[in-house]
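Peer 1: I need the structure of the sequence given here:
(2 chains)
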Protein chains: 2
Amino acid sequence: MKDTSAPVELLVCIKCKRGTDVSAEGERPGTALYERLAAQDMPEGVTLTPVDCLQNCDHGCSVAMRGGDDRWTYVYGNLHEASDTDLLLDGVSLYRDTNDGLIPWRQRPEHFKRNCIARIPPLRKAAPNLTDL
Amino acid sequence: MKDTSAPVELLVCIKCKRGTDVSAEGERPGTALYERLAAQDMPEGVTLTPVDCLQNCDHGCSVAMRGGDDRWTYVYGNLHEASDTDLLLDGVSLYRDTNDGLIPWRQRPEHFKRNCIARIPPLRKAAPNLTDL
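Peer 2: Next comes the predicted model:
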(Lines give C-alpha, C1' and ligand atoms only; values in the text may rest on other atoms or scores of the structure.)
Protein backbone atom coordinates (compact mmCIF):
# COMPACT_ATOMS: atom_id res chain seq x y z
CA MET A 1 0.00 0.00 0.00
CA LYS A 2 1.29 3.42 -0.87
CA ASP A 3 2.08 5.70 2.03
CA THR A 4 0.60 8.73 0.28
CA SER A 5 -0.43 10.57 3.41
CA ALA A 6 2.84 10.17 5.30
CA PRO A 7 3.80 13.42 6.98
CA VAL A 8 6.78 15.28 5.59
CA GLU A 9 9.71 16.65 7.55
CA LEU A 10 11.79 19.65 6.51
CA LEU A 11 15.13 19.30 8.27
CA VAL A 12 17.37 22.36 8.57
CA CYS A 13 21.04 22.30 9.52
CA ILE A 14 21.20 24.88 12.30
CA LYS A 15 24.97 24.73 12.72
CA CYS A 16 25.78 25.91 9.20
CA LYS A 17 28.18 28.84 8.87
CA ARG A 18 27.66 29.06 5.10
CA GLY A 19 31.37 29.81 4.67
CA THR A 20 31.09 32.93 6.80
CA ASP A 21 33.28 33.83 9.74
CA VAL A 22 30.70 33.73 12.52
CA SER A 23 31.88 34.85 15.96
CA ALA A 24 31.22 32.63 18.95
CA GLU A 25 28.33 34.89 19.97
CA GLY A 26 27.06 35.52 16.45
CA GLU A 27 24.03 33.80 14.99
CA ARG A 28 24.90 31.15 12.46
CA PRO A 29 23.28 31.39 9.02
CA GLY A 30 21.78 27.93 9.52
CA THR A 31 20.15 29.00 12.77
CA ALA A 32 18.83 32.13 11.07
CA LEU A 33 17.38 30.03 8.24
CA TYR A 34 15.70 27.75 10.74
CA GLU A 35 14.29 30.65 12.74
CA ARG A 36 12.94 32.40 9.66
CA LEU A 37 11.19 29.20 8.66
CA ALA A 38 9.93 28.62 12.19
CA ALA A 39 8.39 32.11 12.17
CA GLN A 40 6.16 31.12 9.26
CA ASP A 41 3.29 28.67 9.01
CA MET A 42 4.47 25.35 7.66
CA PRO A 43 2.40 23.91 4.82
CA GLU A 44 -0.18 21.38 5.98
CA GLY A 45 1.37 17.99 6.58
CA VAL A 46 4.89 19.37 6.98
CA THR A 47 6.89 19.67 10.18
CA LEU A 48 10.09 21.64 10.63
CA THR A 49 13.02 20.01 12.44
CA PRO A 50 16.33 21.59 13.43
CA VAL A 51 19.32 19.30 12.91
CA ASP A 52 22.71 19.48 14.50
CA CYS A 53 24.72 19.32 11.25
CA LEU A 54 23.82 17.67 7.99
CA GLN A 55 27.57 17.61 7.15
CA ASN A 56 27.19 19.38 3.86
CA CYS A 57 29.44 22.08 5.25
CA ASP A 58 31.08 23.07 1.93
CA HIS A 59 27.76 23.86 0.28
CA GLY A 60 25.50 25.29 3.00
CA CYS A 61 23.05 26.30 4.10
CA SER A 62 21.52 22.88 3.84
CA VAL A 63 18.15 21.22 4.29
CA ALA A 64 16.76 17.74 3.84
CA MET A 65 13.24 16.55 3.10
CA ARG A 66 11.85 13.17 4.01
CA GLY A 67 8.43 11.67 4.49
CA GLY A 68 7.52 8.05 5.11
CA ASP A 69 8.74 4.80 3.65
CA ASP A 70 7.74 5.51 0.05
CA ARG A 71 9.45 8.83 -0.59
CA TRP A 72 13.04 9.49 -1.61
CA THR A 73 14.88 11.69 0.91
CA TYR A 74 16.55 14.74 -0.66
CA VAL A 75 19.38 16.96 0.56
CA TYR A 76 19.61 20.45 -0.95
CA GLY A 77 22.44 22.92 -0.46
CA ASN A 78 23.63 26.44 -1.27
CA LEU A 79 20.62 28.00 0.41
CA HIS A 80 20.64 31.51 1.85
CA GLU A 81 18.87 32.43 5.06
CA ALA A 82 17.92 35.88 3.73
CA SER A 83 16.28 34.88 0.49
CA ASP A 84 15.30 31.23 0.36
CA THR A 85 12.49 30.68 2.85
CA ASP A 86 9.74 31.07 0.24
CA LEU A 87 11.60 28.73 -2.09
CA LEU A 88 11.75 26.12 0.66
CA LEU A 89 8.09 26.47 1.62
CA ASP A 90 7.06 26.11 -2.02
CA GLY A 91 9.49 23.26 -2.59
CA VAL A 92 8.47 21.25 0.43
CA SER A 93 4.80 21.64 -0.56
CA LEU A 94 5.58 20.17 -3.97
CA TYR A 95 7.50 17.38 -2.28
CA ARG A 96 4.59 16.69 0.08
CA ASP A 97 2.26 16.44 -2.92
CA THR A 98 4.22 13.50 -4.33
CA ASN A 99 3.85 9.86 -3.38
CA ASP A 100 7.50 9.04 -3.99
CA GLY A 101 9.32 12.31 -3.28
CA LEU A 102 10.06 12.92 -6.97
CA ILE A 103 8.85 16.42 -7.85
CA PRO A 104 8.10 16.38 -11.59
CA TRP A 105 10.99 18.03 -13.42
CA ARG A 106 8.96 20.84 -14.95
CA GLN A 107 7.55 21.80 -11.56
CA ARG A 108 10.83 21.41 -9.72
CA PRO A 109 12.26 24.69 -8.46
CA GLU A 110 15.37 25.74 -10.41
CA HIS A 111 17.37 25.83 -7.19
CA PHE A 112 16.49 22.21 -6.50
CA LYS A 113 17.50 21.19 -10.01
CA ARG A 114 20.96 22.68 -9.58
CA ASN A 115 21.68 22.17 -5.90
CA CYS A 116 20.74 18.63 -5.06
CA ILE A 117 23.54 17.34 -2.84
CA ALA A 118 22.35 13.76 -2.57
CA ARG A 119 19.23 11.64 -2.28
CA ILE A 120 18.47 8.43 -0.43
CA PRO A 121 15.98 5.90 -1.79
CA PRO A 122 12.80 5.11 0.08
CA LEU A 123 12.75 2.02 2.25
CA ARG A 124 9.98 0.46 0.21
CA LYS A 125 11.40 1.09 -3.26
CA ALA A 126 12.27 -1.97 -5.29
CA ALA A 127 15.95 -2.09 -6.18
CA PRO A 128 16.68 -1.43 -9.86
CA ASN A 129 17.33 -4.41 -12.04
CA LEU A 130 20.93 -4.49 -13.20
CA THR A 131 19.89 -6.06 -16.50
CA ASP A 132 17.90 -2.93 -17.29
CA LEU A 133 20.98 -0.72 -17.34
CA MET B 1 14.17 1.13 23.17
CA LYS B 2 17.37 1.28 21.19
CA ASP B 3 17.31 -0.42 17.85
CA THR B 4 20.80 -1.87 18.30
CA SER B 5 20.24 -4.91 16.17
CA ALA B 6 18.65 -3.18 13.19
CA PRO B 7 20.09 -4.51 9.96
CA VAL B 8 22.33 -2.20 7.97
CA GLU B 9 22.08 -1.42 4.28
CA LEU B 10 25.00 -0.41 2.09
CA LEU B 11 23.53 1.43 -0.89
CA VAL B 12 25.65 1.86 -4.00
CA CYS B 13 24.91 4.26 -6.83
CA ILE B 14 25.18 2.04 -9.88
CA LYS B 15 24.68 4.81 -12.44
CA CYS B 16 27.79 6.77 -11.45
CA LYS B 17 30.20 7.69 -14.24
CA ARG B 18 32.73 9.12 -11.77
CA GLY B 19 33.48 11.91 -14.22
CA THR B 20 34.57 9.47 -16.89
CA ASP B 21 33.38 9.34 -20.46
CA VAL B 22 31.62 5.98 -20.45
CA SER B 23 30.28 4.76 -23.77
CA ALA B 24 26.70 3.56 -24.03
CA GLU B 25 27.93 -0.04 -23.96
CA GLY B 26 30.65 0.50 -21.39
CA GLU B 27 30.33 -0.47 -17.75
CA ARG B 28 29.84 2.47 -15.47
CA PRO B 29 32.23 2.85 -12.53
CA GLY B 30 29.26 2.74 -10.15
CA THR B 31 28.11 -0.57 -11.59
CA ALA B 32 31.65 -1.92 -11.32
CA LEU B 33 31.84 -0.84 -7.68
CA TYR B 34 28.54 -2.55 -6.95
CA GLU B 35 29.59 -5.73 -8.72
CA ARG B 36 32.92 -5.89 -6.92
CA LEU B 37 31.11 -5.56 -3.60
CA ALA B 38 28.48 -8.10 -4.63
CA ALA B 39 31.25 -10.59 -5.40
CA GLN B 40 32.36 -10.51 -1.77
CA ASP B 41 30.68 -11.69 1.39
CA MET B 42 28.91 -8.85 3.12
CA PRO B 43 29.64 -8.50 6.84
CA GLU B 44 27.01 -10.13 9.06
CA GLY B 45 23.94 -7.92 9.41
CA VAL B 46 24.69 -5.92 6.27
CA THR B 47 22.86 -6.09 2.98
CA LEU B 48 24.02 -4.55 -0.30
CA THR B 49 21.53 -2.57 -2.39
CA PRO B 50 22.04 -1.08 -5.85
CA VAL B 51 20.51 2.37 -6.26
CA ASP B 52 19.54 4.12 -9.43
CA CYS B 53 21.41 7.37 -8.69
CA LEU B 54 22.19 8.94 -5.35
CA GLN B 55 22.55 12.30 -7.18
CA ASN B 56 25.99 13.01 -5.87
CA CYS B 57 27.17 13.04 -9.46
CA ASP B 58 29.97 15.61 -9.03
CA HIS B 59 31.73 13.56 -6.36
CA GLY B 60 31.20 9.90 -7.29
CA CYS B 61 31.38 7.07 -6.90
CA SER B 62 28.91 7.29 -4.05
CA VAL B 63 27.44 5.07 -1.38
CA ALA B 64 25.05 5.51 1.51
CA MET B 65 24.70 3.59 4.77
CA ARG B 66 21.53 3.34 6.80
CA GLY B 67 20.15 1.01 9.42
CA GLY B 68 16.99 1.36 11.44
CA ASP B 69 15.34 4.28 13.16
CA ASP B 70 18.18 5.04 15.59
CA ARG B 71 21.10 5.43 13.22
CA TRP B 72 22.16 8.48 11.23
CA THR B 73 22.24 7.82 7.48
CA TYR B 74 25.54 8.75 5.82
CA VAL B 75 26.43 9.50 2.20
CA TYR B 76 30.07 9.12 1.20
CA GLY B 77 31.61 10.15 -2.09
CA ASN B 78 34.81 10.16 -4.14
CA LEU B 79 35.08 6.38 -4.04
CA HIS B 80 36.88 4.35 -6.66
CA GLU B 81 35.65 1.02 -7.92
CA ALA B 82 39.19 -0.36 -8.27
CA SER B 83 40.49 0.37 -4.80
CA ASP B 84 37.76 1.05 -2.28
CA THR B 85 35.86 -2.18 -1.73
CA ASP B 86 37.88 -3.17 1.37
CA LEU B 87 37.47 0.33 2.76
CA LEU B 88 33.72 0.06 2.34
CA LEU B 89 33.48 -3.40 3.88
CA ASP B 90 35.50 -2.24 6.89
CA GLY B 91 33.58 1.00 7.13
CA VAL B 92 30.16 -0.56 6.98
CA SER B 93 31.18 -3.05 9.68
CA LEU B 94 32.17 -0.17 11.95
CA TYR B 95 28.87 1.53 11.16
CA ARG B 96 26.94 -1.66 11.94
CA ASP B 97 28.68 -1.87 15.31
CA THR B 98 27.23 1.49 16.39
CA ASN B 99 23.81 2.10 17.89
CA ASP B 100 23.46 5.56 16.36
CA GLY B 101 25.50 5.39 13.17
CA LEU B 102 28.27 7.57 14.57
CA ILE B 103 31.58 5.74 14.08
CA PRO B 104 33.92 7.04 16.80
CA TRP B 105 36.28 9.61 15.24
CA ARG B 106 39.48 7.72 16.02
CA GLN B 107 38.13 4.57 14.41
CA ARG B 108 36.58 6.35 11.46
CA PRO B 109 38.31 5.59 8.16
CA GLU B 110 40.26 8.58 6.83
CA HIS B 111 38.26 8.49 3.63
CA PHE B 112 35.02 8.80 5.58
CA LYS B 113 36.40 11.76 7.54
CA ARG B 114 37.20 13.66 4.37
CA ASN B 115 34.47 12.57 1.99
CA CYS B 116 31.21 12.74 3.86
CA ILE B 117 28.74 14.29 1.44
CA ALA B 118 25.80 14.59 3.82
CA ARG B 119 24.09 12.82 6.67
CA ILE B 120 20.45 12.51 7.67
CA PRO B 121 19.40 12.22 11.30
CA PRO B 122 17.70 9.09 12.58
CA LEU B 123 13.94 9.13 12.87
CA ARG B 124 14.06 8.58 16.60
CA LYS B 125 16.68 11.19 17.46
CA ALA B 126 15.55 14.06 19.64
CA ALA B 127 15.95 17.40 17.89
CA PRO B 128 18.74 19.57 19.30
CA ASN B 129 17.74 22.27 21.70
CA LEU B 130 18.31 25.70 20.15
CA THR B 131 19.12 27.16 23.56
CA ASP B 132 22.14 24.86 23.74
CA LEU B 133 23.78 26.44 20.72
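Peer 1: can you list the low-confidence ranges for chain A?
Peer 2: A:1-4, A:126-133 (pLDDT under 70).
Peer 1: what ranges do the helices span in it?
Peer 2: Remark: helices assigned in chain A by DSSP state H are A:29-38, A:85-96, A:110-114.
Peer 1: quick check: angle from the longest one to helix A:29-38?
Peer 2: So the one you mean is helix A:85-96. If you take axes from the mean of the first three to the mean of the last three Cα atoms, to 10 degrees, helix A:85-96 sits at 70 degrees to helix A:29-38.
Peer 1: ok, and for helix A:85-96, which residues are buried?
Peer 2: Buried residues in helix A:85-96, counted by 16 or more other Cβ atoms under 10 Å in any protein chain shown: A:85, A:87-89, A:91-96. Bear in mind the C-beta positions are built from the backbone N, C-alpha and C, glycine included.
Peer 1: ok, back up a step: reformat the helices of chain A as CSV; add distance to chain B.
Peer 2: Compiled in CSV, the helices of chain A are given as follows (distance: least, Cβ to the nearest Cβ, whole Å):
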stretch, distance to chain B
helix A:29-38, 6
helix A:85-96, 14
helix A:110-114, 11
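Peer 1: separation between the most centrally placed residue in chain A and residue B:14?
Peer 2: Centrality entry for chain A: nearest residue to the mean C-alpha point is residue A:64, 2.9 Å, by Cα atoms, centre = their mean. Distance from residue A:64 to residue B:14, counting by Cβ to Cβ, to the nearest Å: 23 Å.
Peer 1: cool, and residue A:91?
Peer 2: 27 Å.
Peer 1: what of residue A:110?
Peer 2: For residue A:110, the distance to residue B:14 equals 28 Å [Cβ to Cβ].
Peer 1: of those two, who's got more company?
Peer 2: Neighbour count, other Cβ atoms under 10 Å in any protein chain shown: between residue A:110 and residue B:14, residue B:14 has more, with 25 against 8.
Peer 1: which residues are in contact with residue A:79?
Peer 2: If you count contacts by Cβ atoms under 8 Å, 6 or more residues apart in numbering or on different chains, residue A:79 has them with A:33, A:60-63, A:87-88, A:111, A:115.
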